[in-house]
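In: no sequence for this one, just the structure:
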């Protein structure tokens, strides 16, 4: 009910863009589905854009048209949601996708990310993901990777994005 009340307040001014930060956090799956359906319906009927911020890749896979994956405050990868989740090019995106358990998985995590997240106050030099990256090489420790075009719609901030196995 609180989420619905906040959505109503956000829509009171007829915005062209709604920013929804973790709108389904701490909700059971049934209520989560209702909120996502409501947001989708409102997006279509009101003709507004929606920026959804979430840590839940399962939610994003079902509602997002495009995804931007961030690590340590930097964009790691960007592209159409279905393509990005099916064929991640950045090692961090790939690790995130692997960390989401399949419905048939019995463990809490399918494959947890190794290491600890970057400290925003003392971010490592070069690529912020290099301490946890299985592909890291010397250049990764020194030079921050450029945000490169993989194709017409995909972008990645990895020195070796083309080499990342999909």
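Out: Cool, the structure landed. All of these numbers come straight from a predicted model, not from anything done at the bench.

In: thought residue 156 was touching residue 92?
Out: No. Counting by Cβ atoms under 8 Å, residue 156 stays clear of residue 92, with 9.8 Å between them. For glycine as for every other residue, the C-beta is placed from the backbone atoms N, C-alpha and C.

In: For the two, list the residues in contact with both.
Out: 76, 77 (Cβ atoms under 8 Å, 6 or more residues apart in numbering).

In: Would you mind telling me which of the two has the busier surroundings?
Out: residue 156 (28 against 24; other Cβ atoms under 10 Å).

In: Tell me who's in contact with that one.
Out: Per Cβ under 8 Å, 6+ apart, neighbours of residue 156: 76, 77, 78, 89, 90, 147, 148, 150.

In: Go again with 7 Å.
Out: Contact analysis of residue 156 by Cβ atoms under 7 Å, 6 or more residues apart in numbering lists 77, 89, 90, 148, 150.

In: Select from these the one having the most neighbours.
Out: That'd be residue 90 among the contacts of residue 156, by other Cβ under 10 Å, with 29 neighbours.

In: Find me the pLDDT at that one, would you?
Out: On pLDDT, residue 90 comes in at 94.

In: next one: residue 149
Out: Among the per-residue scores, residue 149 shows a pLDDT of 90.
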